[in-house]
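Engineer: structure for this input, please:
(one chain, ligands or ions: 1)
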Amino acid sequence: MTRDYTRDYWETVLSGLELEGRHFIDGAYRASSSGETFTRIRPMDGKPGAQLARGNAADIDAAVAAARAAFESGVWRKKEPLEKKRIMLKWAELIRTHGEELAMLETLDVGKPVMASLTVDVRLCADGIQFYGEMIDKIYDEIAPTGPNARALVRKVPLGVIGAITPWNYPMIIDAWKLGPAIAAGNSVVLKPAEQSSLSAIRLAELGFEAGLPAGVLNVVTGYGEETGKPLALHMDVDMIAFTGSTEVGKLIMGYAAQSNVKRVALELGGKSPLVVFEDADLDAAASAVAWGCFYNSGETCHASTRLIVQRSVQETLIAKIEAVTRSDIALKHPLDPAAQIGALIEEEHMNKVLSMIAAGEKEGARRVFGAERVLSETGGYYVSPGVFVDMTNDMSLARQEIFGPVLAAIPFDAEEEALRIANDTIYGLAGAVFTRDMDRAHRFSEALHAGTVWINTYDMSNFATPFGGFKQSGFGRDRSVHAIDKYCDYKTIWQQFG
Ligand code: NAD
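Structural biologist: As a prediction, this is how the structure comes out:
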């Protein structure tokens, strides 16, 4: 950070913004073919925000055609690896230099604190593009073992046109998780951001174009899921859909692939991640991990630690520590306030859904210890305070359903086997954690926990070198790491016979 950020400073950045809400297709902005738009309501204050193009199947057709033409021409895929790398690194740099603007766009759409948008979302987006840019001139093909009169090349080739459909909770980061490896592998992309969070995607595409991505390599079509995401996933000329979103829509995406051209599908879906605390754990560290793991981004995190499975003997002490950390460290404030640690929920409808899930949980017998209520309503925005429920069993709705709000369900256990059974008793398998000082148990438990990522004595630590994704109904396919590139490629054998 180079300056002393204040609320006034961010208000000035906001008033200087010009919001671009059109599609970005073939290197240019385009209105929807129907001329229709829709208004995004700002979660921070409930006021009208950007006007966005309301995409439709014809807009998707145009974007897919541009992507296909760019791919077939080889204007990107056949470029020298070093040149492609330079362009992607320049793109990452442009994201950094336009960081404040991108952070504000993300905050306007999503309602998260602008300082978090700047220091987490923008940073990780740029780092993601850079990571895959740097890989471009380091990927080798193979020569397979054959007899002396043959040479068999095993080439890793791009798939063609990738449809990326992304959610609203970490828009820029998840866009980078898809765009980085897909474009580095030589594909063209049509990105359909969530209708709640299109602004950063549009700007990312424009910055990519400015960095040197040829027209048609990255296209963005904004609009509703049914009207744009569905035709993209059903499109006969799209080779793969890389999807992040709910399990419900993920299942539809698989169906669309089957109904159309058997395109490939990679799914990053929902979660209900367990964080298991044994009585021998460092309870201060566990309390902090639970609070940040569950409440960061107002609980709108796919791998949020929403199920605390705690040994009965330390439940009361741990809950008291979680309350203390939440009250002292996790400041819920207006998103332009630099002191805010968490901000608004994504929209009024979602806030009402979270509140009704809380009410249903209480009817089933969950006992509220603190929080989990609407606050800052005078702002006109959609804020719910972090809250904890106890007296829970794992069959209660607050323990089973993905709430996507700042709500923690605490479930007590007595023995290790019971903790493991409760932790794995979920349709999801995205992430989980175990807190204990017994390293044998930590090893045993982390191996037995059925989740794509398991943390020991910490939560939500990661970097680009580690794959991220789920088991069970949390999906399949992995984002991040060098392995993510494989999803966007396939092997092609070229066999040459001599003599
Ligand atoms: P969502 O499933 O409602 O929407 C995701 C995307 O799908 C959006 O772009 C939406 O417009 C589009 N969509 C909706 N209906 C569609 C349809 N019929 N056909 C094609 N596209 C359609 O999810 P959301 O509410 O935006 O995001 C929250 C969900 O995302 C949560 O379940 C969360 O766990 C999940 N998520 C998962 C990860 C992960 O990495 N596993 C990361 C972030 C979010």
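Engineer: now the closest residue to E36 other than its chain neighbours: phi and psi?
Structural biologist: Spatial nearest neighbour of E36, excluding adjacent residues (Cβ to Cβ, 6 or more residues apart in numbering): R54 at 4.0 Å. Bear in mind the C-beta positions are built from the backbone N, C-alpha and C, glycine included. As for R54, its main-chain torsions (degrees, to the nearest 10) stand at phi -90, psi 100.
Engineer: what sits against the residue lying closest to G470 once chain neighbours are set aside?
Structural biologist: Leaving aside its chain neighbours, G470 sits nearest to L430 (4.0 Å; criterion: Cβ to Cβ, 6+ apart). Applying Cβ atoms under 8 Å, 6 or more residues apart in numbering to L430 gives the contacts 269-271, 273, 302-303, 451-453, 469-471, 474-475.
Engineer: ok, 6 Å please
Structural biologist: By Cβ atoms under 6 Å, 6 or more residues apart in numbering, the residues touching L430 are 271, 273, 303, 452, 470, 474.
Engineer: is the residue nearest to E36 in contact with V221, as I believe?
Structural biologist: No. Applying Cβ atoms under 6 Å, one finds R54 not in contact with V221, separated by 10.3 Å.
Engineer: can you confirm S197 is in a strand?
Structural biologist: No. Using DSSP: H, G, I helix; E, B strand; the rest coil, the assignment for S197 is coil, not a strand.
Engineer: got the phi/psi numbers for it?
Structural biologist: phi -140, psi 70.
Engineer: so is stretch 347-355 next to the ligand?
Structural biologist: No. Stretch 347-355 is not in contact with the ligand by Cβ under 6 Å from any ligand atom; minimum separation 7.8 Å.
Engineer: which other residues reach that stretch?
Structural biologist: 43, 345, 382, 384, 403, 405.
Engineer: counting neighbours, what do you get for the closest residue to A150 other than its chain neighbours?
Structural biologist: In this structure, A150 finds its nearest non-sequential neighbour in Q497, 5.2 Å apart by Cβ to Cβ, 6+ apart. Look at Q497: counted by other Cβ atoms under 10 Å, it has 10 neighbours.
Engineer: and Q497, how close does it get to E142?
Structural biologist: 18 Å (Cβ to Cβ, to the nearest Å).
Engineer: kindly report the same for P43.
Structural biologist: In terms of Cβ to Cβ, P43 sits 49 Å off from E142.
Engineer: neighbour count winner among the two?
Structural biologist: A side-by-side neighbour count of P43 and E142, using other Cβ under 10 Å, places P43 first with 30 against 12.
Engineer: list the residues that contact that one.
Structural biologist: 111, 344, 346-347, 381-382 are the contacts of P43 under Cβ under 6 Å, 6+ apart.
Engineer: quick one: pLDDT of the nearest residue to P467 once chain neighbours are set aside?
Structural biologist: Spatial nearest neighbour of P467, excluding adjacent residues (Cβ to Cβ, 6+ apart): R478 at 3.8 Å. R478 is assigned a pLDDT of 96 by the prediction.
Engineer: can you pull the phi and psi angles for R478?
Structural biologist: phi -120, psi 140.
Engineer: how about low-confidence regions in this structure?
Structural biologist: Residues of the chain meeting the criterion pLDDT under 70: 1-2.
Engineer: can you rerun that using 90?
Structural biologist: For the chain, the stretches with pLDDT under 90 are 1-3, 391, 499.
Engineer: for the ligand, what's its nearest residue on the stretch 1-150 of the chain.
Structural biologist: Per Cβ to the nearest ligand atom, G55 is where the stretch 1-150 of the chain lies closest to the ligand, at 10.1 Å.
Engineer: can you get me a residue count around the residue nearest to E36?
Structural biologist: 20.
Engineer: how much space separates I358 from the ligand?
Structural biologist: 18 Å (Cβ to the nearest ligand atom, to the nearest Å).
Engineer: near the ligand, which residues of this protein are found?
Structural biologist: 165-169, 174, 192, 194-195, 225-226, 229-230, 233, 244-246, 249, 252, 268-271, 302, 402, 404, 430, 470, 474-475.
Engineer: of these, buried ones?
Structural biologist: Listed as buried from these are 165-169, 174, 192, 194-195, 225, 229-230, 233, 244-246, 249, 252, 268-271, 302, 402, 404, 430, 470, 474-475; burial here means 16 or more other Cβ atoms under 10 Å.
Engineer: just the ones of these in helices?
Structural biologist: 174, 230, 233, 249, 252 (DSSP state H).
Engineer: before we move on, back to that, the residue nearest to A150 touches R151, doesn't it?
Structural biologist: No. Applying Cβ under 6 Å as the test, Q497 and R151 come out as separate, 8.5 Å apart.
Engineer: ranges for the helices of the stretch 101-250 of the chain?
Structural biologist: Using DSSP state H, counting those that start in this stretch, the helices of the stretch 101-250 of the chain run over 114-116, 123-135, 171-184, 199-211, 230-234, 247-259.
Engineer: and among these, the most buried is which?
Structural biologist: Mean neighbour count (mean count of other Cβ atoms under 10 Å) peaks for helix 171-184 among these, with a mean of 27.
Engineer: which helices and strands does that one pack with?
Structural biologist: With contacts taken as 3 or more Cβ pairs under 6 Å, 6 or more residues apart in numbering; DSSP states H and E, helix 171-184 sits against helix 123-135, helix 199-211.
Engineer: contacts for it, please.
Structural biologist: 106, 121, 124-125, 128-129, 132, 135-136, 162, 164, 166, 189, 193, 197, 200-201, 242, 244, 479, 484-485, 488.
Engineer: does A50 touch I41 like I think?
Structural biologist: No. Using Cβ under 6 Å, A50 and I41 do not qualify as a contacting pair, with a distance of 9.9 Å.
Engineer: any idea how far the residue nearest to G470 is from L269?
Structural biologist: 8 Å.
Engineer: do D438 as well
Structural biologist: For D438 relative to L269 (Cβ to Cβ), the value is 33 Å.
Engineer: and if you look at R151?
Structural biologist: 43 Å.
Engineer: cool, and A257?
Structural biologist: 15 Å.
Engineer: cool, and I183?
Structural biologist: From I183 to L269 the distance is 23 Å (Cβ to Cβ).
Engineer: next: G111.
Structural biologist: From G111 to L269 the distance is 23 Å (Cβ to Cβ).
Engineer: next: E206.
Structural biologist: 29 Å.
Engineer: now do G160
Structural biologist: 24 Å.
Engineer: since that was my last question, I'll sign off now.
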